[in-house]
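S.K.: Turn this into a structure:
(one chain, ligands or ions: 1)
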Amino acid sequence: MTDTSAAFALLDRIQAPEGSGRDIPDAATREIIGRAPVQTVADLDEAIARAKAAQPAWEALGHAKRSELLLAAADALDANAEALAHLLSREQGKPLNGPNARFELGACSAWLRTNATTVLEPEVLLDDENLHAELVYKPAGVVGAIGPWNWPLMITIWQIGPSLRMGNTVVAKPSEYTPLSVLAMLSVMNEVLPADVLIGISGDREVGARIASHPDVDKIMFTGSTATGRKIIESSAGNLARLTLELGGNDAGIVLPGTDPAAIAEDLFWGAFINTGQTCAAMKRLYVHDSLYDQVVDALAGIAASVPIGNGLDENNVLGPLQNKQQFDIVSRLVEDARARGARIVTGGEAAPELGELFYRPTIVADIDNDAALVQEEQFGPALPIIRYSDVDEAFALANAVDVGLGASVWSSDPEAAREAATRMQSGTVWINSHGGLHPMVPFGGVKSSGYGLEFGVAGLKSVAVPQVVSGPGRKA
Ligand SMILES: NC(=O)c1ccc[n+]([C@@H]2O[C@H](COP(=O)([O-])OP(=O)(O)OC[C@H]3O[C@@H](n4cnc5c(N)ncnc54)[C@H](O)[C@@H]3O)[C@@H](O)[C@H]2O)c1
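M.R.: A predicted model of the protein is given here:
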């Protein structure tokens, strides 16, 4: 096990005084690692008032100075990356190694640097004899950022980086499952940012609901479940706050005929099992052509049965526990339902209590009907149902026959066929021969009930701005 003392030093900055707050367990061992402050709606109101008061001066600093400060915040994150990764690993459960905690910290500073250096220029709409019209982008004002527990640091950065870059101030509420690592990260960034530009608030859903309905919140960046997204739409109706909603998904992958299973097996596996499957844009169901079905199932089962799983602080492990009991129960229930329906559990399909209370073995389920709950619901865990198909059109029809559309993927040895097939997927993003890869300059967002609005790149800056048309005399004036 690695040394966690630096992580505890960060924790001491933000946790509630002894005898108060809410105990937060280590996801793997269930030991209590710290106490989350329990802030109230009154605390939130006060935080929003401070953020509102700080906004004009932050905007007035200008792009160059804000960029400089955000780059300094990214440096501060890098300097504390190892400590934050340890805290994240304990609280969230993801291992330090693999595409997990250290990877998440690396993504945080990379995204922040891209935000800091991306420029949103005014757009000239018309420039003729009579009229010059352009669109300029101004900060929305105060942004309320509400995040989930699966990639808590990275998703918080996705929400706050563009917001700060554009001159908004931010009140950020982490999930009640992972408040400590997010508050610690914000405290590191606040070493270099002006006071009240970025305020963390640790509260429950009541506090989240108040952010959504608060008259002084101008923009809400929400990432979480579709059910909560719907509530936020309702709560924000009164003040018409602008919304970016990144919601749940049920991503499909389709392996087309003529693909080499050995060449894609590792990428298929990580496309589904990254972060123990607790990833919004992880592959949650895989459709494989009859001609390759057995080979793909065997290859994935071989990886699933041998991948190192256990406590995230052990450098050997690359998969950890489920983050919380609720999620553990959902995955267990869906796999049991598949078993009861006669699906074949090729590997896994059971808890791993010798590793800890919330560990579940990576699970491959074959010969499963498309209408099984494990296929139709967002299982958000380490279980991949693999559905056999013989007709490509039918595979696309089944893949699209859900009410969500976040990511999707098409796998083929023929790049032309893959490109042609890709656009048939009803999803915000479709990847070819990979699943889930994101880039800070490439927009990301969902369609259907996976939400609306885009994050990342220039589109992400627009989403935290309000456009204004400036219209004046044309060239002949
Ligand atoms: N589309 C994406 O980019 C993306 C990314 C990550 C996770 N997700 C989705 O998030 C879900 C998992 O996250 P979760 O379980 O933390 O989601 P959740 O909806 O339960 O909670 C998310 C956040 O909303 C807050 N909240 C709860 N009720 C609220 C209310 N009435 N008003 C305002 N805020 C409220 C919670 O306190 C938490 O901070 C999955 O469905 C996953 O697909 C989506």
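S.K.: Just give me the residue right at the centre of this structure.
M.R.: Ile155 (4.8 Å; C-alpha atoms, centre = their mean).
S.K.: any idea how far Asp128 is from that residue?
M.R.: 44 Å (C-beta to C-beta, to the nearest Å). (C-beta placed from N, C-alpha, C; glycine too.)
S.K.: same deal with Gly249?
M.R.: 45 Å.
S.K.: between those two, who's got more neighbours?
M.R.: Gly249 (28 against 10; other C-beta atoms under 10 Å).
S.K.: So the residue lying closest to Glu123 once chain neighbours are set aside, which state does it fall into?
M.R.: The shortest distance from Glu123 to any non-neighbouring residue, by C-beta to C-beta, 6 or more residues apart in numbering, is to Leu135 (4.4 Å). Following DSSP: H, G, I helix; E, B strand; the rest coil, the label given to Leu135 is strand.
S.K.: Could you pull out the helices in the stretch 351-477 of the chain for me?
M.R.: 373-376, 392-400, 415-422, 457-463 (DSSP state H, counting those that start in this stretch).
S.K.: which stretch among those helices comes nearest Gly253?
M.R.: When the helices of the stretch 351-477 of the chain are compared by C-beta to C-beta, helix 392-400 sits nearest Gly253, at 8.3 Å.
S.K.: Run a quick neighbour tally on Arg205.
M.R.: Number of residues near Arg205 (other C-beta under 10 Å) recorded here: 14.
S.K.: Up against the ligand, what does the stretch 151-300 of the chain have?
M.R.: Within reach of the ligand by C-beta under 6 Å from any ligand atom, the stretch 151-300 of the chain has these residues: 155, 173, 175-176, 205, 208-209, 212, 223-225, 228, 231-232, 235, 246-249, 280.
S.K.: oh sorry, the question was meant for the stretch 301-450 of the chain
M.R.: Checking the stretch 301-450 of the chain against the ligand by C-beta under 6 Å from any ligand atom, the hits are Glu378, Phe380, Leu406, Gly446, Ser450.
S.K.: Rebuild these as JSON lines, extending it with neighbour count.
M.R.: What follows is those, written out as JSON lines (neighbours: other C-beta atoms under 10 Å):
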{"residue": "Glu378", "neighbour count": "22"}
{"residue": "Phe380", "neighbour count": "25"}
{"residue": "Leu406", "neighbour count": "27"}
{"residue": "Gly446", "neighbour count": "26"}
{"residue": "Ser450", "neighbour count": "27"}
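S.K.: residues contacting the residue nearest to Lys476 when sequence neighbours are not counted?
M.R.: Of all residues not flanking Lys476 in the chain, Glu129 sits nearest, at 4.5 Å (C-beta to C-beta, 6+ apart). Residues counted as contacts of Glu129 (C-beta atoms under 8 Å, 6 or more residues apart in numbering) are Gly474, Arg475, Lys476.
S.K.: what about the closest residue to the ligand within the stretch 251-400 of the chain, helix or strand, and which?
M.R.: Closest residue of the stretch 251-400 of the chain to the ligand, C-beta to the nearest ligand atom: Cys280 (3.1 Å). Assigned by DSSP states H and E, Cys280 falls within no helix or strand.
S.K.: For it, list the residues it contacts.
M.R.: Pro148, Asn150, Thr223, Glu246, Gly248, Gly249, Leu406.
S.K.: Which single one of the residues you listed is nearest to Leu69?
M.R.: Of all those, Leu69 sits closest to Thr223, with 24.1 Å by C-beta to C-beta.
S.K.: Next, the closest one: phi, psi?
M.R.: phi -130, psi 120 (degrees, to the nearest 10).
S.K.: how close does the nearest residue to Arg90 once chain neighbours are set aside get to the ligand?
M.R.: Leaving aside its chain neighbours, Arg90 sits nearest to Asp26 (4.6 Å; criterion: C-beta to C-beta, 6+ apart). Here the criterion is C-beta to the nearest ligand atom, to the nearest Å. By it, Asp26 lies 18 Å from the ligand.
S.K.: Asp26 - how many residues pack around it?
M.R.: Neighbour tally, Asp26, other C-beta under 10 Å: 20.
S.K.: Tell me the spacing between it and Ala49.
M.R.: 35 Å.
S.K.: Also Ala42?
M.R.: 11 Å.
S.K.: Kindly report the same for Val404.
M.R.: Val404 is 37 Å from Ala49, by C-beta to C-beta.
S.K.: Assess the claim that Glu134 and Leu125 are in contact.
M.R.: Yes - with contact defined as C-beta atoms under 8 Å, Glu134 counts as touching Leu125 (5.8 Å).
S.K.: Which residue ranges of the stretch 101-250 of the chain form strands?
M.R.: 123-127, 131-139, 142-146, 169-173, 198-200, 219-223, 242-246 (DSSP state E, counting those that start in this stretch).
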